[in-house]
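S.K.: A structural model of the following input is requested.
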Amino acid sequence: MSESVDQLVVSKATPSTAPPRRQERRWIFVLLLLGLASTIILTTLAGNAQTFALLFNANLVFVLCIVAAQTLRYVAMTISTRVLAEIVGMRVPFSQMFQVNVAAQAANRTFVGGAAGVLIRFAYFFKRGMHSGTYGAVEGIEGGLGFLATCSLFLVGLSIVLASGAASEFRWDVIGLVILGALVLAAAVITIVRRRDWVERAADWIVRGVDRIVSRILRRSIYDPARVRGAVNDFYNALELAKRDPARMFISFLCCVGRLGCDAVALYFAFHALGYDAAPGQVLLIFVVSTSVSTIAAVPGQIGVMEGMLSLMSAAFGIPVPIAVGATLLYRLVSFWLPIPFGYAFAWNLTRKGLV
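M.R.: Sure, this is the predicted structure:
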């Protein structure tokens, strides 16, 4: 065959990292409409005058603290990715990896499903010689460590709330569903990864499906079962390397905890920016539960859903609704909207330099 599966993936990745301007503008327009609609609904329910008064009078020092926390979030994400890449024998410059991660997050915020960000990261690593199977392992390991970090922060927040006796009005049915869903998801992933034959069949099925679409365009098949098996071998070889390097795995896990912790700290600062002294344990639990539930939403960046969950969970802890909505909007303004223009600027710079 003249092209490999890796080449196929990259050929599909390139258009996604630099989509046509008309399509890009359409998605950004939809994104803005979703953001505007969610803002109008939340502020109307909370009281427009009171909510906007809180936002206009927000403490600028705490707003800058939110920005700093979000910057540290991307630093932690970059360190995590670099450490995992080192496990498979690849060293990447910090500045480049930082730009790639911000660009990937911006793409995920403006396109449904999160595939755009994955393709940007893959395009960068492919340019540096990483195979698709190895990249799949790196992404899978980082996702698994992120899942463990989320569970850890969830348990910490739950413990703090229980110890403080502030959970009397909390929706424990929601907590139970989150815990059950996490256990089911973890069991399913572990079962699948342990069955190499299942992974090979799934990979073969996916590549065949992509080949059916691409062959209609190229007028020839690029499917090669040997390449698929090679990608699966790379995947399991990378997992084996990770098992032999627990130190780097632990560093990556700590970075994942730090990344999520920075998000929770940013939300904590958002409450304080509006003059409300929210308890750290409550904020941590509000953030973790809202994030976990919102990830099932098939919209870019969980826009609308995340705002609703944060406001709902905050109100469930007895936080006044105008404060809950105002802090949510302030937090999302910095964490969701602010990185988007920087991400696209970084994507342009990376493309200009031929790094993606």
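
S.K.: please count neighbours and contacts with C-alpha atoms only from this point.
M.R.: Fine.

S.K.: any regions of the stretch 151-300 of the chain where pLDDT drops low?
M.R.: 161, 164-175, 178, 293-300 (pLDDT under 70).

S.K.: mind listing the helices for it?
M.R.: Assigned by DSSP state H, counting those that start in this stretch, the stretch 151-300 of the chain shows helices spanning 172-194, 196-218, 225-243, 246-273, 280-294.

S.K.: mind checking these for the one nearest to G326?
M.R.: Counting by C-alpha to C-alpha, G326 lies closest to helix 246-273 out of those; the figure is 8.2 Å.

S.K.: so how far is that closest one off the chain centroid?
M.R.: Distance of helix 246-273 from its chain centroid, counting by C-alpha atoms, centre = their mean, to the nearest Å, is 13 Å.

S.K.: quick one: it to helix 280-294, angle?
M.R.: 110 degrees (axes from the mean of the first three to the mean of the last three C-alpha atoms, to 10 degrees).

S.K.: grab the nearest non-local neighbour of A203.
M.R.: V228 (6.8 Å; C-alpha to C-alpha, 6 or more residues apart in numbering).

S.K.: A202 is in contact with the one you found, correct?
M.R.: No. Applying C-alpha atoms under 8 Å as the test, V228 and A202 come out as separate, 10.2 Å apart.

S.K.: so for those two, which sits in the more crowded spot?
M.R.: In this view V228 and A202 are compared by other C-alpha atoms under 10 Å, and V228 has more residues nearby, 24 against 13.

S.K.: ok, the more buried one - contacts?
M.R.: V228 is in contact with V5, E200, A203, D204, V207, counting by C-alpha atoms under 8 Å, 6 or more residues apart in numbering.

S.K.: which of those has the largest number of neighbours?
M.R.: V5 (23 neighbours).

S.K.: how far away is L153 from F271?
M.R.: Distance from L153 to F271, counting by C-alpha to C-alpha, to the nearest Å: 19 Å.

S.K.: the more surrounded of these two?
M.R.: Each of L153 and F271 has its neighbours counted (other C-alpha under 10 Å); F271 has more, 26 against 21.

S.K.: if we can go back for a sec, got JSON lines for the helices of the stretch 151-300 of the chain, with distance to A76 too?
M.R.: Below are those laid out as JSON lines (distance: least, C-alpha to C-alpha, whole Å):
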{"stretch": "helix 172-194", "distance to A76": "24"}
{"stretch": "helix 196-218", "distance to A76": "30"}
{"stretch": "helix 225-243", "distance to A76": "19"}
{"stretch": "helix 246-273", "distance to A76": "5"}
{"stretch": "helix 280-294", "distance to A76": "18"}
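
S.K.: which one of the ones you listed lies nearest to V334?
M.R.: helix 246-273 (8.9 Å).

S.K.: mind listing what's buried in the closest one?
M.R.: Within helix 246-273, the residues scored as buried using 16 or more other C-alpha atoms under 10 Å are 248-249, 252-273.

S.K.: ok so, going back, can you list the contacts of V228 in a markdown table and add distance to A163?
M.R.: Output for the contacts of V228, formatted as a markdown table (distance: C-alpha to C-alpha, whole Å):
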| residue | distance to A163 |
| --- | --- |
| V5 | 53 |
| E200 | 47 |
| A203 | 47 |
| D204 | 50 |
| V207 | 51 |
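
S.K.: out of those residues, what pair is the most spread apart?
M.R.: Going by C-alpha to C-alpha, the pair spanning the contacts of V228 furthest: V5 and E200, at 13.7 Å.

S.K.: where do the helices sit along the stretch 1-150 of the chain?
M.R.: With DSSP H, counting those that start in this stretch as the criterion, the stretch 1-150 of the chain has helices spanning 5-17, 21-46, 48-56, 60-87, 94-110, 115-127, 132-164.

S.K.: tell me the buried residues in the fifth one?
M.R.: In this case it means helix 94-110. Under 16+ other C-alpha under 10 Å, the buried positions of helix 94-110 are 97-110.

S.K.: could you give the angle of that helix to helix 60-87?
M.R.: Using the same axes, to 10 degrees, helix 94-110 lies at 110 degrees relative to helix 60-87.
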